[in-house]
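> Fold the following.
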Amino acid sequence: MNFIEKFFTKYPQDKVIKWFKQICVAEAITCFLLYGVAMIWKRYDDEGLLPTIFIIIVGNIHGLFFSLYLLFCIPVRKIFKWDDEDFVFALLAAFFPFATIWVDKKLARFDRE
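Alright, predicted model coming up:
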């Protein structure tokens, strides 16, 4: 993990925070598109090719933002001075739909107690 921290040290903290917040929102949006739109569309159009293509495209984009979220949690931990409990909670939030929005709003703040 040392190489990840070295990679992110060349960027200013405010830029890393901005990227992290954008990734949190993008991960939640792609999660909604995948579960709320693509999966339902696939159930109503079993033989259609378009829902399958949509699932593949949105699924890959969601996987990208999911991986970026997990990757960005490491430098953001140091910026916001999260303890181990907060860090594990932020990592586990990636596995629950829309929980990254909660991390963005509640955990990724400087003025929290």
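> nearest residue to Phe87 other than its sequence neighbours?
Taking Cβ to Cβ, 6 or more residues apart in numbering as the measure, Phe87 lies nearest to Arg77, with 4.9 Å between them; neighbours along the chain are not counted. No exception for glycine: its C-beta is placed from N, CA and C like everyone else's.
> and the one helix or strand the one you found maps to, how far from the chain's centre?
According to DSSP states H and E, Arg77 maps onto helix 49-80. Relative to the centre of its chain, helix 49-80 is centred 6 Å away, using Cα atoms, centre = their mean, to the nearest Å.
> Quick check, pLDDT for Asp111.
Reported pLDDT at Asp111 in the predicted model: 67.
> Regarding Phe95, what are the backbone dihedral angles?
In terms of degrees, to the nearest 10, the main-chain angles of Phe95 are phi -90, psi 0.
> residues near it, how many?
Per other Cβ atoms under 10 Å, the neighbour tally for Phe95 reads 10.
> State whether Ala94 and Glu27 are indeed in contact, as I suppose.
Yes: because the distance of 7.3 Å satisfies Cβ atoms under 8 Å, Ala94 is recorded as touching Glu27.
> Point out where this structure drops to low pLDDT.
Within the chain, the segments meeting pLDDT under 70 span 1, 111-113.
> The same query, at a cut-off of 90, please.
For the chain, the stretches flagged by pLDDT under 90 are 1-10, 38-53, 81-82, 97, 104-113.
> looking at it, which residue ends up farthest from its center?
Seen from the C-alpha centroid of the chain, the residue lying at the greatest distance (Cα atoms, centre = their mean) is Glu47, 31.5 Å away.
> for it, helix, strand, or coil?
Put simply, Glu47 is coil when judged by DSSP: H, G, I helix; E, B strand; the rest coil.
> neighbour count winner among Ala94 and Glu27?
Glu27 (29 against 18).
> ok, and the closest non-adjacent residue to the more buried one?
On the basis of Cβ to Cβ, 6+ apart, the spatially nearest residue to Glu27 that is not a chain neighbour turns out to be Phe65, at 4.2 Å.
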